[in-house]
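*Asks:* Here you go, sequence then predicted model.
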Amino acid sequence: MSNVADIIGANILNIARQDYEPQGASVTMLISEESLASERLSNAQEPGPLPDAIVAHLDKSHLTVHTYPESHPDNGISTFRADIDVSTCGRISPLKALNYLIHSFDSDIVIMDYRVRGFTRDKSGRKHYIDHKINSIQNYLAKDTKARYQIIDVNVYQEKIFHTKMMLKEFDLDNYLFEVQVSDLSPLERDKIERRLRREMMEIFYAQNIPNI
């Protein structure tokens, strides 16, 4: 979260954290603006940086993360969910932090919501309900991310609501096993585990339980 604050040009004022037993954690950061040259500020629909550069600006707001680890009681599938909220009221969209977050977690499923709330009033008193052009969260994603994931959009343009879901296309089974390797499994065992994993991903992606086939 500190790296996210760096990417969007925020200054951390306060950090509150809480660990849970046997696992899990929550973190909340209060942040204020970090002074940056105005010519470096951009709301262009393009991928944001990875954590080796600061190209954004933030007014006072907050960052939060909450974790939800759990496991299936019967089939051995374990999932770990992290909910991250990047709330800003400055000139730069929090979408600039997406690439860093996606690459950091390397998740199977990524669900992103972007909503523009409220309004900004200009010097003449006219209200502006959005201050930058956007037609899809995908415009802020790096090419390698788009290549790795199946992606769908559900947007409500008149309400300034943008929703994008991503599911990993291919996965390496060795990255999902504990205390055993793929080479230790029979073809039948491997196929069974892969089908369980893919079903778990699809249920999370489509937000509904899929019956056994």
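*Replies:* Received the coordinates, thanks. In this text, all values refer to a predicted model and were calculated from it rather than measured experimentally.
*Asks:* quick one: the helices in this protein?
*Replies:* Taking DSSP state H as the test, the helices found in the chain are 2-7, 98-105, 143-148, 187-206.
*Asks:* so what secondary structure elements neighbour the second one?
*Replies:* Okay, so that is helix 98-105. helix 2-7, helix 143-148 (3 or more C-beta pairs under 8 Å, 6 or more residues apart in numbering; DSSP states H and E). C-beta coordinates here come from the backbone N, C-alpha and C atoms, glycine included.
*Asks:* at 6 Å what do you get?
*Replies:* Packed against helix 98-105, as judged by 3 or more C-beta pairs under 6 Å, 6 or more residues apart in numbering; DSSP states H and E, are no other helices or strands.
*Asks:* Name the nearest residue to M29, ignoring sequence neighbours.
*Replies:* The shortest distance from M29 to any non-neighbouring residue, by C-beta to C-beta, 6 or more residues apart in numbering, is to L63 (4.4 Å).
*Asks:* Quickly list what the one you found is bridged to.
*Replies:* Beta-bridge partners for L63, by DSSP bridges, are M29, V86.
*Asks:* How about D113?
*Replies:* Applying DSSP bridges, one finds that D113 bridges with H163.
*Asks:* To what extent is it buried, counted in neighbours?
*Replies:* By other C-beta atoms under 10 Å, 12 other residues sit near D113.
*Asks:* wait, doesn't it sit right on H163?
*Replies:* Yes. In this structure, D113 is within contact of H163 by C-beta atoms under 6 Å, at 5.4 Å.
*Asks:* For R115, see how far away the residue nearest to M29 is.
*Replies:* Applying C-beta to C-beta, to the nearest Å, the value for L63 to R115 is 16 Å.
*Asks:* So for these two, which residue has more residues nearby?
*Replies:* L63 (25 against 10).
*Asks:* so what's that one up against?
*Replies:* M1, M29, V86 (C-beta atoms under 6 Å, 6 or more residues apart in numbering).
*Asks:* go with 8 Å
*Replies:* Contacts for L63 (C-beta atoms under 8 Å, 6 or more residues apart in numbering) come out as M1, V4, A5, A10, T28, M29, I31, I84, D85, V86, S87.
*Asks:* Please apply the same query to Q181.
*Replies:* Q181 neighbours (C-beta under 8 Å, 6+ apart): D174.
*Asks:* just to revisit the earlier point, any chance of the helices of the chain in CSV with distance to I130 and mean pLDDT as columns?
*Replies:* Below are these laid out as CSV (distance: least, C-beta to C-beta, whole Å; pLDDT from 0 to 100):
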stretch, distance to I130, mean pLDDT
helix 2-7, 22, 80
helix 98-105, 18, 88
helix 143-148, 24, 92
helix 187-206, 28, 93
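*Asks:* So which of those helices is nearest E21?
*Replies:* Of all the helices of the chain, helix 98-105 sits nearest to E21, with 22.7 Å by C-beta to C-beta.
*Asks:* Same question for the closest one: list its buried residues.
*Replies:* For helix 98-105, burial by neighbour count (16 or more other C-beta atoms under 10 Å) applies to L98, N99, Y100, L101, I102.
*Asks:* do you know how far the last one is from P69?
*Replies:* Here the distance between I102 and P69 works out to 20 Å (C-beta to C-beta).
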